[in-house]
Every structure is written in structure tokens, then in C-alpha cells.
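Q: give me the fold of what follows.
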Amino acid sequence: MVDEREDITRGFHKGDRYSDAAHDSIVGKKELMAVKIRMLMMATDPGRGVTSDEAEIALGLSHQSCSARFTQMKKDKELVRVAERLTQHGRMAGAWTLVRLVETHKQTRGLPLFDDLARRPSVEGNQQAPRQSRYSEDDQQGSKAAEP
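A: Sure thing, here's the model as predicted:
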């Protein structure tokens with residue numbers, strides 16, 4: 001559950017009065033935004049995940065509000081990074097899903113979640129050789145696993 005009074009971006013904007021006013025204007029709406037993001041993630045393959053950019057577009061949220069909800073959900077250890085891909089602006093971004101979906105996926109399918117990420121189609125449409133995921137399954141924050 002989102003703490004409606006907490007301003008997750010306060011450390012970034014350092015109490016700027018415009019940012020404080022913007023935060024105050026969404027108090028009472030943050031949990032609803034987080035619920036919408038959770039629902040989008042539940043409707044998406046957990047191996048694919050959702051980027052903040054994709055959630056903004058799908059849910060009609062502003063970049064600032066959506067990004068802040070993702071940040072809060074990561075801080076609360078609700079999300080795990082499962083993939084990465086380009087945003088609509090051509091920048092690499094992490095794709096996230098709910099930790100509980102990963103756990104359910106493992107229990108119900110009995111397969112490692114990251115097997116789906118190991119194969120990527122080549123330009124010609126053929127499958128490339130499998131490769132190991134760069135992220136460990138235990139990595140709740142999505143940092144890169146140690147290279148072998």
C-alpha cells in the first residue's frame with residue numbers, strides 16, 4: 001500500500017515549492033495509480049514485464065506520476081526487473097513485474113522465468129542460440145548479476 005503523504009521524489013527536488021504543490025495535488029490518488037499499474041502487470045506476461053514508459057501510454061498517466069509510482073513500488077520491494085527494452089524515445093529501460101507474479105509463475109509452471117528471455121529472434125526471424133540472462137532470479141532490485 002502506498003503512503004499517500006510520502007513524496008518519493010523529495011530527495012531529488014529538495015523541497016521545491018512547485019514540486020511540493022504538484023505532490024500535494026495528487027495526495028489521495030497515488031494508491032489508485034499504483035493499483036492501475038499492478039493491474040496492467042497482472043495482464044502482462046510476467047517474463048515480459050512492463051516499462052514505466054509503456055505504463056504511461058497504456059494508462060494515460062503523466063511521466064512524472066508513473067515514474068514516481070514505479071520508484072515507490074521498487075522501494076517497497078513489490079517489483080522485480082525481468083527484461084529491458086527500448087522506450088518510445090529510443091532509450092533502454094528496465095521492464096518490471098510484480099514479485100508475487102514471478103513467484104506464482106515459478107510455482108504453477110515449474111519453469112525458470114528467465115527461459116523466455118533466453119531466446120530472442122534474429123533480424124531474419126530465426127532464433128538465436130540461447131543465452132543466459134544477465135540478471136539473477138534473486139535480484140529484487142534488478143542490478144546486474146556478476147559476470148562469469
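Q: residue 36 versus residue 27, what's the distance?
A: Taking C-beta to C-beta, to the nearest Å as the measure, residue 27 falls 17 Å from residue 36. C-beta: built from backbone N, CA, C; applies to glycine.
Q: would you mark the buried spots in the host helix or strand of residue 18?
A: Element membership of residue 18, judged by DSSP states H and E, is helix 17-26. Judged by neighbour count (16 or more other C-beta atoms under 10 Å), helix 17-26 contains these buried residues: 19, 22, 23, 26.
Q: compare residue 27 and residue 36 (neighbour count), which wins?
A: Here residue 27 and residue 36 are compared on neighbour count by other C-beta atoms under 10 Å; more neighbours surround residue 36, at 17 against 11.
Q: run a quick neighbour tally on the closest residue to the more buried one other than its chain neighbours.
A: Nearest non-adjacent residue to residue 36, counting by C-beta to C-beta, 6 or more residues apart in numbering: residue 59, 5.1 Å away. Applying other C-beta under 10 Å, we find 16 residues neighbouring residue 59.
Q: could I get the contacting residues of residue 59?
A: Residue 59 sits next to 33, 36, 37, 40, 66 when contact means C-beta atoms under 8 Å, 6 or more residues apart in numbering.
Q: next, give phi and psi for the second one.
A: With angles defined as degrees, to the nearest 10, residue 36 sits at phi -60, psi -40.
Q: check what pLDDT it gets.
A: For residue 36, the pLDDT comes out at 97.
Q: distance of it from residue 63?
A: From residue 36 to residue 63 the distance is 15 Å (C-beta to C-beta).
Q: and if you look at the first one?
A: Distance, residue 33 to residue 63, using C-beta to C-beta: 12 Å.
Q: of these two, who's got more company?
A: Counted by other C-beta under 10 Å, residue 33 and residue 63 do not tie: residue 33 has more neighbours, with 20 against 10.
Q: got a list of what the more buried one touches?
A: If you count contacts by C-beta under 8 Å, 6+ apart, then residue 33 has 26, 59, 61, 65, 66, 69 around it.
Q: so which strand or helix has the last one?
A: Following DSSP H and E, one finds residue 69 within helix 63-75.
Q: for that helix, what is the average pLDDT?
A: Mean predicted lDDT for helix 63-75 stands at 93.
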